[in-house]
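In: sequence? don't have it. structure:
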C-alpha cells in the first residue's frame, strides 16, 4: 500500500489539525485518544499560555503516562486482593464439611 492510499484520520490538538494514518477500524479509538490529549494539552495551556506546543505536548504526555501508571498500580493491587480472597474461599471450601 502506498502512502497516498493509506487511510487517514484528521485530529485537532490545541486548534491545530493533524492528519494521522489510521486503519478505519481504529478510527474511533484514535479520535477518542486525540480528544483526551487535546483536553490535557488545553488544561496545561490554560495554566501557562506562554509554553510552546511541543512543551505542552510533553507535559501532557507525562501527565497521561502518570495516570496510566497509577491505574496499572491500582489494577495490580486489586488483582492481588482478588487472588487473596480467592485463596481464602478455596481454603474455606476445602475445610467445609462434605455432605
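Out: Sure thing, it's come through. Just so we're clear, the structure is a prediction, and the values are computed from it rather than from any experiment.
In: where do the strands of the chain begin and end?
Out: Under the criterion DSSP state E, the chain contains strands at 8-13, 16-21.
In: residue nearest the middle of the protein, spatially speaking?
Out: residue 68 (6.0 Å; C-alpha atoms, centre = their mean).
In: any weak-confidence spans in the chain?
Out: Applying pLDDT under 70 to the chain flags residues 1-4.
In: one step back: turn the strands of the chain into TSV, including distance to residue 32 and mean neighbour count.
Out: The way it works is simple: take the backbone N, C-alpha and C, and place the C-beta from them, glycine included. Below are the strands of the chain laid out as TSV (distance: least, C-beta to C-beta, whole Å; neighbours: other C-beta atoms under 10 Å):
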stretch	distance to residue 32	mean neighbour count
strand 8-13	10	15
strand 16-21	13	10
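In: compare the ones you listed and give me the one nearest residue 28.
Out: With C-beta to C-beta, the closest approach to residue 28 among the strands of the chain belongs to strand 8-13: 9.5 Å.
In: so which other helices or strands are in contact with that closest one?
Out: Helices and strands touching strand 8-13, by 3 or more C-beta pairs under 8 Å, 6 or more residues apart in numbering; DSSP states H and E, are strand 16-21, helix 27-47.
In: what's the angle between it and strand 16-21?
Out: Counting by axes from the mean of the first three to the mean of the last three C-alpha atoms, to 10 degrees, strand 8-13 lies at 150 degrees to strand 16-21.
In: quick one: strands adjacent to strand 8-13?
Out: Strand 8-13 has its sheet partners listed here by DSSP bridges as strand 16-21 (antiparallel).
In: roughly how far out does the partner strand sit from the chain middle?
Out: Distance of strand 16-21 from the chain centroid (C-alpha atoms, centre = their mean, to the nearest Å) equals 19 Å.
In: same question, stretch 43-62
Out: With C-alpha atoms, centre = their mean, you get 18 Å for stretch 43-62.
In: residues contacting that stretch, please?
Out: Outside stretch 43-62, the residues that touch it by C-beta atoms under 8 Å, 6 or more residues apart in numbering are 13, 14, 16, 37, 40, 41, 63.
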